[in-house]
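S.K.: Curious how this folds, go ahead:
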Amino acid sequence: MVRLPKLPAPPDTEDIFSVIDKAGDAIEAGLNIIDKVADKFDQVAQRFGPPEPTTPTRDPESQKESPLPTTLPQPLPEENPTEDIATACVPCALGHYSGAARLLNEAFRFRDDGITSNQVLDDIAGAIGELNAMERVDLTPERLQKTPQWERTIADEALRESRKLRHRLEGIGSMEEIEKAAADTESYYKKLNRQWYRGRFGNLGAKKAEAIAQRVGEE
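M.R.: Got it, this is the predicted structure:
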């Protein structure tokens, strides 16, 4: 008769369930650790990850489109050059001679105040200013070249007389000299005025000369 080997006694049922419970607790604890580690990775990724793209804000005023011009800019009209009166030199010189004569007459009127009074000195200075303006503006070489030949003779004479009178006033020293200068300036002004009008009448005719003389007087 064959004898079978003696089998070990089966383990206690309570021991088996105890081992299973411990294994389950260990697995659950491991899963909790894995969840916590995953949460940490997510936090780090959010902190150091690339920033989310943002839409740039624009000023509402800058978003407004500039209105296009409804019409194209037009070129400026060409200005028609104003024609100078051919006889502008002498008529303006007449005005300066007239102003100088008036100022010298005024200076002599205040002769009782003395030659060093403010009124007399200012009148002399004003007369010199009139002559300076005539020589440096109205009777310049440029303007004299544009003057007709008949008038050029009168203008040249007016320029020479102006220089002589100006130097005379710059060295004046008495009321008697002022009186003589005032009389001479008045006389030459009348002479110059007559020469110019006669020249205009002789070269252009009375009607046209009168029209130009009136126009110069209005200016």
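
S.K.: now for the helix or strand hosting residue 160, which elements pack on it?
M.R.: Using DSSP states H and E, residue 160 maps to helix 149-170. Judged by 3 or more CB pairs under 8 Å, 6 or more residues apart in numbering; DSSP states H and E, helix 149-170 is in contact with helix 89-109, helix 118-133, helix 141-145, helix 175-204. Backbone N, C-alpha and C define where each C-beta goes, glycine included.

S.K.: Mean neighbour count, those helices: which tops it?
M.R.: Looking across the helices and strands packed on helix 149-170 with neighbours counted as mean count of other CB atoms under 10 Å, the highest average goes to helix 89-109: a mean of 22.

S.K.: Quick one: closest of the helices and strands packed on helix 149-170 to residue 162.
M.R.: For residue 162, the closest of the helices and strands packed on helix 149-170 is helix 118-133, at 4.9 Å, according to CB to CB.

S.K.: re the thing from before, just the buried residues of the helix holding residue 160, please?
M.R.: Buried residues in helix 149-170, counted by 16 or more other CB atoms under 10 Å: 151, 154, 155, 158, 159, 161, 162, 165, 166, 169.

S.K.: residues in contact with the fifth one?
M.R.: The one in question is residue 159. Residues near residue 159 by CB atoms under 8 Å, 6 or more residues apart in numbering: 93, 134, 135, 139, 144.
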